[in-house]
Every structure is written in C-alpha cells, then in structure tokens.
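J.: Fold the following, please.
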Amino acid sequence: MAFLELIEGGYGQQFIKGIQFTLVLASASWMLAMVVAIVLAAVRNLGGVWLQRFVTLYVAYHRNVPMLVHVLLWYFGISNLLPLAWQDLALDHGGEVIFAAIAIGLCSSAYFTEDIRSGIRAVPTGQNEASRALGFGSVSSMVHIILPQAFRAALPALVNNTVVLFKNTSMAMAIGVAELTYVTKEIENATFLTFPTYATATLFYIGGSLCIMLIGEHIARRLQFRGG
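T.: A predicted model of the protein is given here:
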C-alpha cells in the first residue's frame, strides 16, 4: 500500500528524473575518469621522472582526500576562481552537475589509473620489445599493443571501481544536484514514507550495480573469446 501511495501521489516522475540525473552524472564522470586515467597511466610508463612524480602525487592526492571534500571544493572553491562570465555560464547550464561530474571523475580517475597501471605491468615485457622490433614507436606501441592487453588484465578492477563511481554519484546531493539520493530525501520529507521511499532508491542502486557487473562480464567473455 505504501508503494502505491508513492506512485499515486505523483512521485514516480520525481524518481524517474532523479534516476536520469544519476545516469547522466555517472556517465559523464566515468568518461572523464577513463580519459584522464588512460593518459596518466601512459605518461607514468613513458614519461620522465618529473612526469612520473606528478602522476604519483595526483593519484595520492585524489585517493587520500574524501570524494565529498572534492565535490565541495570544486563547487564552492574552484568554481569561484573562474571569471565571472564563466561562473554565470556554468550556473545557467546546470553548474552543480558540471562541477560534481568533474570532481567525481577526477577522483575516480586516480583509481582507474592504478587499475590500468597494474594491467600494463601484467603485460609481458617481450610484447613491448616485439613491437619495437616491428617498427612501432613508444607511443604507438603503448596505444596499439600494450594498452589493449592491459585493459583485458585490468577489466575486473575497472568494473569494480565503475560500480563504486556509480554509487558515489550520491555525493552530489551535498551541492543540490537532483540525483536519485537527493530526490529520495525530498520525497521522504514530503510523505514520511521512509521505508518504501528508500527501498525504491536502494533497488535502483542494486539494479544499476548489477547491470554494470553483467556488462563487465559480457565484455570479459568477448575479450576471452577473441584472445583464444
């Protein structure tokens, strides 16, 4: 009966909008995290000493500061350092979502970087030597030979941290992003239907996490099939 009250009260649309914000935020954060992680992992293996130290410091900083602090820092701190015109532009186009995606993406990229780095280390050194013998340069060898094999080795860890990223989108509620956790809290405050409201959100997070893991397993099977 309580679940029917939520649906009949018109709160279903609010849940749907919250889910949409969560999916958009998770997708944007994941893409940013993956791009940054690939670049940093490659730089750490190809760059000089100072670039390697920079990547090490970047990873250490983002892994040792709580993600909520990153979200608050970007929204209330770094955003205020931008020119006023940029601040107004961000506010007019969902600035809280933008800064939350940046914060979550950069923080998650530190974990993705370590996953990819571990995958690169799992690739036999002979692969790099063979690619050099075939005329590949350092960058082309990394892109075409090393990284594809590294992703196969790093896939389980990447899937695990993708699930963590998906769940951590709830941190964005601290700056007013109307994602699922924020919407759930608002609905619970309006209806006092605590259990069915939070149970609905819980089911979505469980379902989303399971979907990510199933997709990861599907990709792993395809990679295993192609690799023989």
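J.: immediately after the helix or strand bottoming out on mean pLDDT in the chain, which helix or strand?
T.: Of the helices and strands making up the chain, the lowest-confidence element is helix 2-8, at a mean of 63, by mean pLDDT, DSSP states H and E. Tracing the chain C-terminally past helix 2-8 and defining elements by DSSP states H and E, one meets helix 12-46 next.
J.: can you pull the contacts of the residue most central in space within the chain?
T.: The centre of the chain sits closest to Trp30, judged by CA atoms, centre = their mean, with a distance of 3.4 Å. For Trp30, the contact set (CB atoms under 8 Å, 6 or more residues apart in numbering) comprises Gly105, Ser108, Thr162, Leu165. Yep, even glycine has a C-beta here, placed from its N, CA and C like the rest.
J.: 10 Å instead, please
T.: Ala101, Ile104, Gly105, Ser108, Ser109, Phe112, Asn161, Thr162, Leu165, Phe166, Thr169, Ile212 (CB atoms under 10 Å, 6 or more residues apart in numbering).
J.: Then Gln52?
T.: With contacts defined as CB under 10 Å, 6+ apart, the neighbours of Gln52 are Val43, Arg44, Asn45, Leu46.
J.: Now, of the residues you listed, which are buried?
T.: Neighbour counting over the contacts of Gln52 (16 or more other CB atoms under 10 Å) leaves Val43, Arg44, Asn45 as the buried ones.
J.: Please tabulate those in JSON lines, including the columns pLDDT.
T.: Putting these into JSON lines (pLDDT from 0 to 100) gives the following:
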{"residue": "Val43", "pLDDT": "89"}
{"residue": "Arg44", "pLDDT": "86"}
{"residue": "Asn45", "pLDDT": "83"}
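J.: okay if I get those residues as TSV plus distance to Ala199?
T.: Listed next are these as TSV, based on distance: CB to CB, whole Å:
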residue	distance to Ala199
Val43	45
Arg44	43
Asn45	46
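J.: so Phe54 makes contact with Arg44?
T.: Yes. Counting by CB atoms under 10 Å, Phe54 does reach Arg44; the two are 9.0 Å apart.
J.: circling back to that earlier point, what's the closest of the contacts of Gln52 to Pro148?
T.: Asn45 (14.5 Å; CB to CB).
J.: Mind listing what's buried along stretch 130-140?
T.: Using 16+ other CB under 10 Å as the burial criterion, the residues of stretch 130-140 that qualify are Ser131, Phe136.
J.: what's the average pLDDT for it?
T.: Stretch 130-140 shows an average pLDDT of 72 in the prediction.
J.: Equivalent analysis for stretch 51-71, please.
T.: Stretch 51-71 comes out with an average pLDDT of 94.
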